[in-house]
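Undergrad: quick one, structure for this:
(one chain, ligands or ions: 1)
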Amino acid sequence: MCGIVGYYGHQNPKNVIMSGLKALEYRGYDSAGVAIFDKGGVKRVRAEGKLEKLEGQLKNVNFTGHTGIGHTRWATHGIPSERNAHPHTVDGVSLVHNGIIENYVEIKNELLKSGAKIQSDTDSELVAHLIARSLKKTKSLLKSVFAVLPKLKGAFSIVVISEEYPDEIVAFKNGPPLLLGVGKGENIIASDLQAIVPYTKNILYIEDNEVIHVDGKEYALYSHKGKKIKRKVEKIQWNQEKAEKQGYPHFMLKEIYEQPRTVAQALQPYVDLEKMQLKMESLSPKYEDILSKVNRIVVVACGTSYYSGMVGEYLIEKLAKIPVEIELASEFRYRQPIISKSTLYLFISQSGETADTIAAMKLVKEHGAPTMALCNVRLSTLDRSVDLKMYMNCDSEIGVASTKAFTSSLILLNVFATYLGYLKQELNQKEYVEQIRRIVDFPSLIDKVLAYNSFFKSTAEQLKKFKGFLYIGRGVSYPIALEGALKLKELAYMHAEGYSAGEMKHGPIALIDKKMAIVVVAPEDDVFEKTLSNLEEACARGGQVIAIGTEQNEKMKKLALHYLSLPQAHWSLNPILAVVPLQLMAYHVSDSLGYDVDQPRNLAKSVTVE
Ligand code: F6R
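TA: Presented below is the predicted three-dimensional model:
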């Protein structure tokens, strides 16, 4: 996580760095800081809390230099505080860091033994000490970084400046993303494109184990062993959207409301409405060749994206009869998975930068198996690395809790499963066209469930009194139960568990009493009656039911304290409808508790550490 920026150029470095940090704040927001050249030295300003605190402190601070670095932090080592905020400065060397130095304990012990005065609890500061020491010998910022790199273990990126070299910036990447924007007489290094594109669209992608050396208007790229690398600067296409709430109190509510449009927008490139067929050419010129050989699919993802993968498992297995497994990216790569070339590995990630997902993708690529991404952020690491790609195409998702990216993924998984079903001749022409028609006609149904906004606004006060929430569902509704529970946990900090309705009696049923809310997701489908029986079991133990079902289902209505009806839809599309009330519920409970809905505590939008 953490957002990092470095700038050399003719513009005011404070303005460029702060605008970059604003674009990167979704990566972490517990503290922030800058170190910028001023009158022959480097002036550092840091603040605990959100970026606006730093902004306030910087209001009347001016800098005379051309060069500086900045950081917005998501704490790994050391609590959020000013002393742990970056940049860390040691003997004139200032450094910002993203990632984890795994051998920091040994480094710290050695530094302490040799008399170093360590000011913070971070692993990052230790690197600044090592570079500052090395600099005394090498008299070169670049050489000192090369000298220190072999001593560091882990996945991390750093950006360093030194008081002695006012036009220089040295950066290293191994893991968390880092890019160089090459402008006219200016160079900007940052974690993400968003921080760079207002200044230049000329981008140099820095790969793992590479060092970039900015020396005034010039720059050079090296391997970590010091070998010069030639790489073309790419001119990217980028339509910068304005992050505006458009009258909504929070980005999250705006993004929930955008879903009828974003789901339709996600679909649009993949459907030929005149011929009523799916257009998959944009996946890759070789898509047919790759997909016709696939006899198994493994979906790898984290968090909400993992839950969309779970829905994908049901969709692909039912519509295309291809066996699917779903894997948590953080587990996948550590258990020596058996990677087969006839398996397609599908990575789902809104950001395209989630460290575990990227590491899993790299592992699969090393084994030469085909890879596919379903992601939102174009030109992200995932997007640039895979063989086949589909885009969520839901514009920027700013709220830290994922909403519209989830529903876009679900509609794309419907498209993909339908395409595979046809390709594998599991769907005949008639079934194929029928399914496309359903998908195309679907987005406007989402409008109907948005009406639950006012319901949850008025019941939030009542809901927040429950001691806990058990979300249950079966079949495609099971992942939706998990997603609903995740949304409430991350936004309202309340105890919420997602469970398969059929598993309740194997343990969680012990939690149920009158203070426990049971949120059941049970649209009418082939497992509805089974879920209803599980719900009866919960009611018999006093659980208070919030039920989500199709239209006016009298059986469920009878059991429920609150009944929320969904419009009639095909089973494959029900998850998209069912999740919307759960998003609204989490939003309103959190808001009524006075929490920061868009930036919940301890979280970050792009999880670039393991
Ligand atoms: C929850 C949420 C996270 C992300 C997860 C993966 O609301 O947003 O669980 O889904 O961190 O992120 P991506 O999809 O960017 O890989």
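Undergrad: so D215 touches P166, yeah?
TA: No - assessed by C-beta atoms under 8 Å, D215 is found out of contact with P166, at 10.6 Å. Where you see a C-beta, it was placed from the backbone N, CA and C, and this is true even at glycine.
Undergrad: next secondary structure after the helix or strand bottoming out on mean pLDDT in the chain?
TA: For the chain, counting by mean pLDDT, DSSP states H and E, helix 528-539 ranks last in confidence among helices and strands (a mean of 89). For helix 528-539, the succeeding helix or strand toward the C-terminus, using DSSP states H and E, is strand 544-550.
Undergrad: can you pull the buried residues of that next one?
TA: Using 16 or more other C-beta atoms under 10 Å as the test for burial, strand 544-550 gives 544-550.
Undergrad: list the helices and strands the helix or strand containing G68 packs on?
TA: If you go by DSSP H and E, G68 is part of strand 67-73. Applying 3 or more C-beta pairs under 8 Å, 6 or more residues apart in numbering; DSSP states H and E, we find strand 67-73 packed against strand 3-8, helix 13-24, strand 31-38, strand 93-99, strand 156-162, strand 168-174.
Undergrad: what's the angle between the least confident helix or strand of the chain and strand 544-550?
TA: Computed by axes from the mean of the first three to the mean of the last three C-alpha atoms, to 10 degrees, the angle separating helix 528-539 from strand 544-550 equals 170 degrees.
Undergrad: give me the buried positions along helix 528-539.
TA: 528, 531-532, 534-535, 537-539.
Undergrad: give the other helices and strands that that helix contacts.
TA: strand 468-473, strand 516-522, strand 544-550, helix 554-559.
Undergrad: and the closest residue to L273 other than its chain neighbours, how many neighbours does it have?
TA: Nearest non-adjacent residue to L273, counting by C-beta to C-beta, 6 or more residues apart in numbering: V440, 6.8 Å away. The number of residues packed near V440 is 15, by other C-beta atoms under 10 Å.
Undergrad: checking my notes, V440 in a helix, right?
TA: Yes - checked against DSSP: H, G, I helix; E, B strand; the rest coil, V440 lies within a helix.
Undergrad: distance check, it against Q277.
TA: According to C-beta to C-beta, to the nearest Å, V440 stands 11 Å off from Q277.
Undergrad: kindly report the same for L112.
TA: Relative to Q277, and taking C-beta to C-beta, L112 is found at 67 Å.
Undergrad: where does pLDDT dip in this structure?
TA: 241-243 (pLDDT under 70).
Undergrad: return the residue of it that is most distant from the centre.
TA: K137 (41.3 Å; C-alpha atoms, centre = their mean).
Undergrad: contacts only, for it.
TA: 144, 147 (C-beta atoms under 8 Å, 6 or more residues apart in numbering).
Undergrad: hang on, it in a helix?
TA: Yes - K137 sits within a helix when classified using three-state DSSP.
Undergrad: please begin residue numbering at 324 from this point
TA: Done: numbering now begins at 324, and the last item shifts to K460.
Undergrad: now do it against S467, distance only.
TA: From K460 to S467 the distance is 8 Å (C-beta to C-beta).
Undergrad: go on, S725?
TA: Taken as C-beta to C-beta, the span from S725 to S467 is 41 Å.
Undergrad: in terms of neighbours, single out the busier of the two.
TA: Applying other C-beta under 10 Å to S725 and S467 shows that S725 carries more neighbours, namely 28 against 23.
Undergrad: report the secondary structure state of that one.
TA: What three-state DSSP gives for S725 is coil.
Undergrad: what does Y886 give?
TA: In three-state terms, and counting by three-state DSSP, Y886 is strand.
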